[in-house]
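Engineer: Have a look; sequence and predicted model below, questions after that.
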Amino acid sequence: MSIKVQNITKYYGEQKALDDVSFEIAKGEIVGFLGPNGAGKSTMMKILTGYLPANEGKVEVCGFDVAEAELEVKNRVGYLPEQNPLYLDMFVHEYLEFVAQIHRVKDIKTKISSIIKTVGLTLEQHKKIGALSKGYRQRVGLASALIHDPEVLILDEPTTGLDPNQIVEIRELIKSLGKDRTVMLSTHILREVEAICDKVIIINHGSVVANDRAGNLTGSPSKQTIKVEFDKKVESNKLKSIPGVIDTKQVSETVWLIGSQPDDDVRQAVFQFAVDQDLSVLTIQREELSLEEVFKNLTKGK
């Protein structure tokens, strides 16, 4: 495992920020780490990177205990915090050289050239960081997190404050970076998670409330729903006579939501019903909860 978190609890004074948190992230996975404001996401990320100690529990990154081998962990982790800490009076190339020296990177010139190309800073590399847009500053932060070629990349709200075009660019960059390293990504933009993440961990009030693949979370545990469009009107009582159908809901004159047991695929029976009733099925598709709906259901009113 790239990341192994066991029973982590963290207090700020008397306030419990994390409550017995455990999860694992395998090598090469891109994981979305989600939760409302104040849920404990940033605290967990700071513990993973060795910037904060936990009060209880154990964290291992790439096989090293964060509490006992902090430098070994930091050598293997690239971290972009929510508040991207940059020296605004330094030039891009100068700043990356400074960070590379801290990490004792070999062949600094070649490495900086490669990273600048990777994150799309070629045209901006000779500018002062303070003169860059927010999007390019985020790229500088990513470059500094990647300069020592880490095995694990931890990104806390990497697209905060970016415009839609910049968000798409950073999203694609993160997706490409995840091809050869483990990525843990905290964000409030759930479309990003659906677009690039293999797995989702949702935290609320310091506790993990979900830990699964996005597709498993968005499937309903109680029933399966399909959306069907016929070419003519259909009566509800006739649809309910289809074997396996447990409920129906009319969307429009010819469109219906048809529910069945979660392990019961009634699509073939719906097609046979259409043939028997001299109907045509124009469209048929499975309906799933959005990740946003799952998030709201797991974090509201708690």
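Structural biologist: Structure's in. What do you need? Residues are numbered from 1 along each chain as shown.
Engineer: Would you map the helices across the chain?
Structural biologist: 41-48, 70-76, 92-102, 108-119, 134-146, 164-177, 190-196, 214-218, 236-239, 267-276, 291-299 (DSSP state H).
Engineer: between those helices, which gets the lowest average pLDDT?
Structural biologist: Sorting these by mean pLDDT places helix 214-218 lowest, at a mean of 77.
Engineer: Can you spell out which helices and strands pack onto it?
Structural biologist: Helices and strands touching helix 214-218, by 3 or more CB pairs under 8 Å, 6 or more residues apart in numbering; DSSP states H and E, are strand 199-204, helix 291-299. Just so you know, the C-beta spots here come from the backbone N, C-alpha and C atoms, and that holds for glycine as well.
Engineer: Kindly compare burial across the ones you listed and name the winner.
Structural biologist: Highest mean neighbour count among those (mean count of other CB atoms under 10 Å): strand 199-204, with a mean of 23.
Engineer: With distance to residue 285 added, can I get the helices of the chain in JSON lines?
Structural biologist: Output for those, formatted as JSON lines (distance: least, CB to CB, whole Å):
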{"stretch": "helix 41-48", "distance to residue 285": "34"}
{"stretch": "helix 70-76", "distance to residue 285": "43"}
{"stretch": "helix 92-102", "distance to residue 285": "47"}
{"stretch": "helix 108-119", "distance to residue 285": "38"}
{"stretch": "helix 134-146", "distance to residue 285": "36"}
{"stretch": "helix 164-177", "distance to residue 285": "26"}
{"stretch": "helix 190-196", "distance to residue 285": "17"}
{"stretch": "helix 214-218", "distance to residue 285": "14"}
{"stretch": "helix 236-239", "distance to residue 285": "16"}
{"stretch": "helix 267-276", "distance to residue 285": "9"}
{"stretch": "helix 291-299", "distance to residue 285": "17"}
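Engineer: In TSV: the helices and strands packed on helix 214-218, plus distance to residue 24.
Structural biologist: Output for the helices and strands packed on helix 214-218, formatted as TSV (distance: least, CB to CB, whole Å):
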stretch	distance to residue 24
strand 199-204	10
helix 291-299	20
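Engineer: Of all these, which one comes closest to residue 99?
Structural biologist: With distances scored as CB to CB, the stretch of these nearest to residue 99 is strand 199-204 (28.6 Å).
Engineer: number of nearby residues for residue 163?
Structural biologist: Residue 163: 12 surrounding residues under other CB atoms under 10 Å.
Engineer: Dihedrals phi and psi, it?
Structural biologist: Dihedral pair for residue 163: phi -80, psi 170, per degrees, to the nearest 10.
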